[in-house]
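> How does the following fold in three dimensions:
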Amino acid sequence: MAENREKRTVRIGTRKSALAVVQTRLVAEAIEKTCSRAKAELVTRETMGDRILNKPLLEFGGKGVFVSEFEQGLTDGTIDLAVHSAKDMPMELGEGLAILAVPEREDPRDVLVVRKGTVLSGRDEVVVGTSSPRRAVQIRELGSKLWDRAAVRCEVLRGNVNTRLRKLGEGGYDAIILAAAGLKRLGFLDSREEVSQGEFQEDGRFFQYQYLDCESFIPAGGQGILAVEGRESDEEIREICGRLEDRDARICLETERKVLRLLNAGCHEPIGVYTRMAETGEIELFGICGRGGIIRRTHRKAAAELAGELAEAAAAELAGEMEMPTAGEPAGRRVSVGQTGELPENGQETSRKTERSS
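Numbers count the residues shown, from 1 in each chain. Take a look at the predicted model:
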């Protein structure tokens, strides 16, 4: 009994959705496993982003609608930590707050989901459910290849994973796009990395899925990563969180967020950035940005210690400010590949050209 009284109760804020609770429990279990003196307690809250489901996020506050109420709880001391999907976090955190832990990254890919038995090839039009401009731009391009040049029309789709699957199952869309990390954490997808497609069921409905590779269908910055936010001043909590830290995931997250910050990216623009660490110690970056009627892509590599410079170079290229060598590489050994295409008012890319340096 004395040992229980000495335990530090760590109150962790979470949204009420099934995925949010599962993700927070992963962190809670990791805290209790790595720190015997800590006892985790979940505190559920509903955010504005959970309450308003009939509008795109950009119409009522952007990504911050999932975070601000938990930051208030951290500030007023009613919770000690908050677990966020890193891709949903705004660039600027509340005063005195920081990302105290970045655990190992889950699968960063997006997944295309359809009702089992659905045949989309040969249709004149395919309706895809997504509220993400980044996903919309990329699926319009990819869809014409997947479905014999069928026109792709993207319709607003919000809500938690189960809600989105229900709407797909009811026939509201021909296909939807979801994050692989969420589907895996909820137990819907096969955890084997070599699997490229498969089937699953939810609430009696059967679905088929196909992974979209990160190199061509670029994820949101931070996708697949959990960010554990807390007070910078709480030394005990900082020490507990330090046990959850994954170095590679931290480097990737900070690099991706730096690109987004330099681009002043919000949820209203088609911007994606993904990084990964190679066994050689290099960091590899893929990016896409649609702005000013133009879509630009970049692919760059640099030594891990030059991740900050890599982010700056990638952001400059995506913003159309300059074409420059990969950080740390002589101009004659450039490994970057920049791609641009026109983006008309409907957001569909109509032409592309690839520019390769010598």
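> So for stretch 200-217, mean pLDDT?
Confidence over stretch 200-217, taken as the mean pLDDT, stands at 96.
> same thing with stretch 19-31?
For stretch 19-31, mean pLDDT is 97.
> which residues touch that stretch?
With Cβ atoms under 8 Å, 6 or more residues apart in numbering as the test, stretch 19-31 has contacts from 10, 12-15, 38, 40-42, 44, 81, 83, 85, 101, 103, 160-161, 182, 185-186, 226, 228, 240-241, 243-244. Backbone N, C-alpha and C define where each C-beta goes, glycine included.
> three-state assignment of T298?
At T298, secondary structure determined by DSSP: H, G, I helix; E, B strand; the rest coil is strand.
> before we move on, back to that, from the contacts of stretch 19-31, which would you call buried?
Neighbour counting by 16 or more other Cβ atoms under 10 Å classes 10, 12-15, 38, 40, 42, 81, 83, 85, 101, 103, 160-161, 182, 185-186, 226, 228, 240-241, 244 among the contacts of stretch 19-31 as buried.
> could you pull out the helices for the stretch 1-150 of the chain?
With DSSP state H, counting those that start in this stretch as the criterion, the stretch 1-150 of the chain has helices at 2-6, 18-34, 48-51, 68-76, 133-146.
> check contacts around the residue nearest to C214 when sequence neighbours are not counted.
Distances taken as Cβ to Cβ, 6 or more residues apart in numbering place Y274 nearest to C214, at 4.8 Å, with adjacent residues excluded. For Y274, the contact set (Cβ under 8 Å, 6+ apart) comprises 108, 214, 218-219, 221, 223, 256, 285-287.
> give me that answer again for 10 Å
Contacts here follow Cβ atoms under 10 Å, 6 or more residues apart in numbering; on that basis Y274 touches 108-109, 214-215, 217-224, 252, 255-256, 259, 284-288.
> Now, these that are in strands?
Mapping the contacts of Y274 onto strands (DSSP state E) picks out 284-288.
> Surely A101 and V83 touch.
Yes: the criterion here is Cβ atoms under 10 Å, and A101 meets it with V83 at 9.3 Å.
> Show me whatever sits in contact with both of those two.
Applying Cβ under 10 Å, 6+ apart, one finds that A101 and V83 are jointly contacted by 27, 226-229.
> Between the residues you listed, which sits nearest L165?
L226 (21.7 Å; Cβ to Cβ).
> can I get the helices of the stretch 1-150 of the chain in TSV with mean neighbour count and distance to D203?
Listed next are the helices of the stretch 1-150 of the chain as TSV, based on neighbours: other Cβ atoms under 10 Å; distance: least, Cβ to Cβ, whole Å:
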stretch	mean neighbour count	distance to D203
helix 2-6	7	39
helix 18-34	18	12
helix 48-51	16	20
helix 68-76	17	29
helix 133-146	20	24
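> As TSV, those helices with distance to L310 would be great.
Output for the helices of the stretch 1-150 of the chain, formatted as TSV (distance: least, Cβ to Cβ, whole Å):
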stretch	distance to L310
helix 2-6	45
helix 18-34	28
helix 48-51	31
helix 68-76	29
helix 133-146	20
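> Of the ones you listed, which is nearest R166?
Nearest of the helices of the stretch 1-150 of the chain (Cβ to Cβ): helix 18-34, 12.5 Å.
> would you put the C-alpha positions of that closest one in CSV?
The C-alpha trace of helix 18-34 is given here as CSV (Å, rounded to 0.1, in the frame of the first residue of the first chain):
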residue,chain,number,x,y,z
ALA,A,18,-11.9,5.1,-30.2
LEU,A,19,-8.6,5.8,-32.0
ALA,A,20,-7.7,8.7,-29.6
VAL,A,21,-8.3,6.4,-26.6
VAL,A,22,-6.3,3.6,-28.1
GLN,A,23,-3.4,5.9,-28.9
THR,A,24,-3.4,7.4,-25.4
ARG,A,25,-3.5,4.0,-23.8
LEU,A,26,-0.4,3.0,-25.8
VAL,A,27,1.4,6.0,-24.2
ALA,A,28,-0.1,5.2,-20.7
GLU,A,29,1.0,1.6,-20.9
ALA,A,30,4.5,2.6,-22.0
ILE,A,31,4.7,5.1,-19.1
GLU,A,32,3.7,2.5,-16.5
LYS,A,33,6.0,-0.1,-18.1
THR,A,34,9.1,2.1,-18.2
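> Run the chain-centre distance for it.
Its chain's C-alpha centre and that of helix 18-34 lie 18 Å apart, by Cα atoms, centre = their mean, to the nearest Å.
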